[in-house]
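Chemist: Provided below are the primary sequence and the corresponding predicted coordinates.
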Amino acid sequence: MPELIIQRDGPIGRVVFSNPAKFNAMSRDMWEGVPKALAAFDADPQVRVIVLEGDGDKAFVSGADISQFESQRSDPQAQARYNAAVEAAYLAPIACGKPVVAKIRGICMGGGLGLAAACDLRLCRDDARFRMPAGRLGLGYNVPGVSRFLSVIGLQNTLDIFFSARIFDAADALRMGFASKVAPREQFDAMVDEWCQTTADNAPLTLRALKLTVNALIRDPAQRDMDSVAAAIAACFKSQDYREGAAAFMEKRKPRFQGA
């Protein structure tokens with residue numbers, strides 16, 4: 001049965017896309033569950049970093065579950081609900097105040113590629129394979145989605161993967177800037193865990209302020225909320241964590257941040 005598996009591993013929240021028989025293709029219920037899962041982790045002060053990953057060893061997400069199209073996208077109302085669920089899932093990692101990481105093994109195509117693009121970072125195993133098949137399906141990719149790819153990989157790479165609908169590998173994803181890090185199978189889990197733990201040890205208010213700043217800067221200037229950015233930065237300097245960070249530096253010890 002297609003489902004989201006929600007787990008917490010210390011300061012790491014995990015959302016696992018589970019539909020292994022179909023390479024973790026996303027059902028409508030799975031799409032609709034993504035914003036709820038991320039909102040719950042965002043509200044949990046014990047969670048510092050959120051990881052999205054696929055169930056099993058073969059795929060992150062292969063795309064939408066096409067077997068549901070006839071029943072759930074057959075009329076305008078159903079199509080609108082489905083499209084809204086997908087777009088809400090894409091927006092959820094961006095709206096989340098905490099770092100959201102895509103942990104990618106194997107297949108990452110279509111809706112999976114769009115979901116990965118919405119995350120803050122993409123950490124990939126060297127067997128990862130990517131594709132944006134819109135041109136092979138005859139569909140029009142929406143403006144917010146194209147904008148996300150432009151902000152992540154730039155104009156030429158966006159045109160390349162959309163025009164050609166070609167499969168590209170982890171090395172190509174790293175060259176484009178789509179992948180932040182790539183590791184071989186035997187080192188991949190340790191690499192992701194180390195990055196997440198290192199980040200989770202940092203000051204939560206600083207991470208939140210940085211994410212808010214970056215998201216504001218990559219938007220159209222008319223849509224930027226710089227007042228919220230300024231408030232988030234100011235909150236860092238007023239926090240107990242700021243005092244704790246300074247004290248830990250002077251005492252040559254690891255800081256113990258509380259997110260306040």
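Modeler: Thanks, I have it. Numbering: from 1, shown residues only.

Chemist: which of the residues in the helix or strand hosting residue 241 are buried?
Modeler: Secondary-structure element containing residue 241, defined by DSSP states H and E: helix 240-251. Buried residues in helix 240-251, defined by neighbour count with 16 or more other C-beta atoms under 10 Å: 241-242, 244-245. All C-beta atoms are positioned from the backbone trio N, CA, C, and that covers glycine.

Chemist: list the helices and strands it packs on?
Modeler: helix 204-217 (3 or more C-beta pairs under 8 Å, 6 or more residues apart in numbering; DSSP states H and E).

Chemist: If the nearest residue to residue 191 once chain neighbours are set aside is in a bridge, with which residues?
Modeler: Using C-beta to C-beta, 6 or more residues apart in numbering and skipping the chain neighbours, the partner closest in space to residue 191 is residue 183 (4.3 Å). Counting by DSSP bridges, residue 183 forms beta bridges with residue 125.

Chemist: any idea how far stretch 88-98 is from the chain center?
Modeler: 8 Å (C-alpha atoms, centre = their mean, to the nearest Å).

Chemist: re earlier: could the buried residues of helix 240-251 be laid out in a markdown table, adding distance to residue 235 and pLDDT?
Modeler: Listed next are the buried residues of helix 240-251 as a markdown table, based on distance: C-beta to C-beta, whole Å; pLDDT from 0 to 100:
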| residue | distance to residue 235 | pLDDT |
| --- | --- | --- |
| 241 | 10 | 96 |
| 242 | 9 | 96 |
| 244 | 14 | 95 |
| 245 | 14 | 95 |
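
Chemist: can you list those in JSON lines and add distance to residue 111?
Modeler: Formatted as JSON lines, these follow (distance: C-beta to C-beta, whole Å):
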{"residue": "241", "distance to residue 111": "37"}
{"residue": "242", "distance to residue 111": "40"}
{"residue": "244", "distance to residue 111": "41"}
{"residue": "245", "distance to residue 111": "40"}
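
Chemist: Where does pLDDT dip in the stretch 101-250 of the chain?
Modeler: The stretch 101-250 of the chain contains no residues with pLDDT under 70.

Chemist: at 90 what do you get?
Modeler: The stretch 101-250 of the chain contains residues with pLDDT under 90 at 137-140, 142, 144, 218-224.

Chemist: all strands of it, in order?
Modeler: Secondary structure of the stretch 101-250 of the chain (DSSP state E, counting those that start in this stretch): strands at 107-109, 121-125, 129-131, 167-169, 181-183.

Chemist: can you list the domain ranges for the chain.
Modeler: 3-199, 203-251 (automatic domain parsing).

Chemist: Which one of these lies nearest to residue 258?
Modeler: With C-beta to C-beta as the criterion, residue 258 lies closest to domain 203-251 of the domains of the chain, at 6.3 Å.
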